[in-house]
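> how would this look folded up:
(one chain, ligands or ions: 1)
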Amino acid sequence: MSTTKELWVFAEQREGKIAGVVQELLSQGQILADKAGFTLAAVLPSADGAGLCQELYNFGAKKVYTIDDPKLADYQNDYYSRAVAQLINEKKPEIVLYGATTIGRSLAPTVAVMVDAGLTADCTELDFDVEAGNLLQTRPAFGGNIMATIICPDHRPQMSTVRSNVFKKTKLSDREAGEQIPYEVDLSGVPERMRRLESVHEADNNSIDLNAAQFIVSGGRGVGKPENFKVIYDLASELGAAVGASRATVDAGWISHHHQVGQTGKTVCPVIYIACGISGAIQHLAGMQSSDMIIAINKDPDAPIFDIADYGLIGDLHQIVPEFQKQIAAAKA
Ligand code: FAD
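This is a model prediction of the structure:
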């Protein structure tokens with residue numbers, strides 16, 4: 001329980017690019033660190049992290065622990081967990097936050113076991129109880145029907161994975177000052193149980209990242225069959241939007257999981273979210289209800305999606321969506 005008064009954010013990078021969720025976690029981490037009186041720091045395992053530190057300072061990190069090793073160029077659980085756990089055991093931070101990304105969801109539980117700490121997965125809210133010194137980690141429970149706030153009073157660090165797009169990014173400036181603290185870790189004895197052979201980017205005729213998209217057009221079971229997703233793709237292409245989907249369509253194999261929005265998919269926060277043929281189940285809403293504007297197209301006037309929609313169009317999406325696309329194309333011409 002004896003710790004350094006620091007709040008850390010795991011600075012996930014892929015191919016030398018910091019993940020967007022890291023900027024969100026630093027922004028929220030700053031609020032929590034101010035409240036708790038902690039120092040905000042980032043932990044950056046990579047082949048050569050010096051060039052990435054400035055971006056982390058700009059989002060509030062006062063310190064960046066860089067762990068440089070060619071074996072850390074790309075994510076590999078054995079190497080990353082050894083490096084991060086060793087640093088945690090030595091420096092003893094109070095709190096460590098990870099993005100609930102594929103990498104964060106693999107790394108954080110492994111590190112939790114290695115440092116004998118708890119972990120709350122997939123948080124959607126974080127706060128700090130100053131009196132008790134506990135991180136208040138809130139996440140959906142029981143199929144999204146309740147929000148549970150979890151504390152970890154007996155072990156340190158307190159650790160959470162946090163979904164993308166639940167916290168706003170707040171960039172302080174382009175020239176914030178911070179301190180790079182290089183940390184050496186010996187990875188020679190770590191068994192290499194996995195090896196990355198190659199990295200293949202998913203081929204998709206809509207490559208806009210859902211997490212970062214300003215506009216999203218999503219299709220649900222009301223689309224009818226896989227070929228009919230063409231109307232969704234066509235409207236998305238007209239708008240420069242990303243394509244989303246409900247779990248029903250993903251489970252049916254109409255579209256890849258990569259497009260799923262919701263509790264077990266992605267959490268998105270676009271300027272406009274257009275839900276086509278989606279009923280509005282609570283698990284879908286969990287992933288998109290913080291969108292700035294929601295437009296719902298559904299033939300059932302009682303569909304729950306209309307309860308949260310800013311604009312609702314009652315009717316057949318196969319007529320409305322192509323008409324919508326035509327009108328937008330005409331307005332652009
Ligand atoms: P439906 O509920 O079947 O709705 C289809 C809608 O289309 C209806 O409202 C209908 O009126 C309308 N429609 C039909 N034809 C037309 C037409 N021609 N024009 C216009 N409208 C039409 N779901 C998610 O989406 N994301 C998740 O991450 C997720 N996670 C889950 C996790 C758990 C633990 C569980 C139990 C469930 C989860 N679900 C998730 C599933 C969720 O409960 C719903 O089953 C799912 O969202 C329903 O998808 P849907 O709205 O496409 O289909």
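
> let me know the pLDDT of the closest residue to residue 292 other than its chain neighbours.
Spatial nearest neighbour of residue 292, chain neighbours left out: residue 271 (4.9 Å); criterion: CB to CB, 6 or more residues apart in numbering. Where you see a C-beta, it was placed from the backbone N, CA and C, and this is true even at glycine. Confidence at residue 271, expressed as pLDDT, is 93.

> ok, residue 271 touching residue 239?
No - using CB atoms under 8 Å, residue 271 is not in contact with residue 239; the gap is 10.7 Å.

> so if I had to pick from those two, which one is more boxed in?
Counted by other CB atoms under 10 Å, residue 271 and residue 239 do not tie: residue 239 has more neighbours, with 19 against 12.

> so that one sits right up against residue 215, yeah?
Yes - using CB under 8 Å, residue 239 is in contact with residue 215, at 5.0 Å.

> burial measure for residue 73, as a count.
17.

> check contacts around the spatially closest residue to it that is not a sequence neighbour.
The shortest distance from residue 73 to any non-neighbouring residue, by CB to CB, 6+ apart, is to residue 47 (3.8 Å). Taking CB atoms under 8 Å, 6 or more residues apart in numbering, we find residue 47 in contact with 68, 69, 70, 72, 73.

> top of those residues by number of neighbours, please.
residue 72 leads those on contacts (other CB under 10 Å) with 24 neighbours.

> gap between that one and the ligand?
Going from residue 72 to the ligand by CB to the nearest ligand atom, to the nearest Å gives 32 Å.

> if the nearest residue to that residue once chain neighbours are set aside is in a bridge, with which residues?
The shortest distance from residue 72 to any residue other than its chain neighbours is 4.3 Å, reached at residue 45 (CB to CB, 6+ apart). Under DSSP bridges, the beta-bridge partners of residue 45 are residue 67.

> the chain against the ligand: which residues are in contact?
143, 220-222, 246-249, 260-265, 277-279, 281, 283-284, 287, 297-300, 303, 316-318 (CB under 6 Å from any ligand atom).

> all helices of this structure, in order?
Using DSSP state H, the helices of the chain run over 20-36, 53-58, 77-91, 102-115, 229-239, 247-251, 282-285, 305-308, 317-332.

> switch those helices over to a markdown table; also include distance to residue 186.
Formatted as a markdown table, the helices of the chain follow (distance: least, CB to CB, whole Å):
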| stretch | distance to residue 186 |
| --- | --- |
| helix 20-36 | 26 |
| helix 53-58 | 23 |
| helix 77-91 | 9 |
| helix 102-115 | 15 |
| helix 229-239 | 48 |
| helix 247-251 | 43 |
| helix 282-285 | 44 |
| helix 305-308 | 52 |
| helix 317-332 | 57 |
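
> any idea how far the most centrally placed residue in the chain is from residue 312?
Centrality entry for the chain: nearest residue to the mean C-alpha point is residue 164, 2.1 Å, by CA atoms, centre = their mean. Residue 164 sits 27 Å away from residue 312, going by CB to CB, to the nearest Å.

> same deal with residue 249?
Counting by CB to CB, the gap from residue 249 to residue 312 is 20 Å.

> which one's more surrounded, those two?
Using other CB under 10 Å as the criterion, residue 249 and residue 312 rank with residue 249 on top: 26 against 17.

> residue 221 is in contact with that one, correct?
Yes - using CB under 8 Å, residue 249 is in contact with residue 221, at 6.1 Å.

> tell me which residues touch the residue nearest to residue 72, please.
67, 69, 72, 79, 80, 83, 84.

> could you do residue 56 as well?
11, 18, 22, 26, 42, 44, 64, 178.

> now do residue 7
With CB under 8 Å, 6+ apart, residue 7 has these contacts: 29, 32-33, 36, 38-41, 93-97.

> what of residue 300?
Per CB under 8 Å, 6+ apart, neighbours of residue 300: 279, 314.

> gap between stretch 230-237 and the chain center?
The chain centroid and the centroid of stretch 230-237 are separated by 25 Å, computed with CA atoms, centre = their mean, to the nearest Å.

> just the buried residues of it, please?
Buried positions in stretch 230-237, judged by neighbour count with 16 or more other CB atoms under 10 Å: 231, 232, 233, 234, 235, 236.

> likewise stretch 237-246?
238, 239, 241, 242, 243, 244, 245, 246.

> any chance of those in TSV, plus pLDDT and distance to residue 4?
Compiled in TSV, the buried residues of stretch 237-246 are given as follows (pLDDT from 0 to 100; distance: CB to CB, whole Å):
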residue	pLDDT	distance to residue 4
238	92	52
239	91	48
241	94	44
242	95	40
243	96	45
244	97	41
245	97	44
246	98	44
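
> closest to residue 170 out of those?
Minimum distance to residue 170 across these is 23.4 Å, recorded for residue 242 (CB to CB).

> tell me the contacts of that closest one?
Going by CB under 8 Å, 6+ apart, the list of residues near residue 242 reads 206, 208, 209, 210, 213, 215, 216, 217, 236, 270.

> can you rerun that using 7 Å?
For residue 242, the contacting residues are 206, 208, 209, 210, 213, 216, 236, by CB atoms under 7 Å, 6 or more residues apart in numbering.
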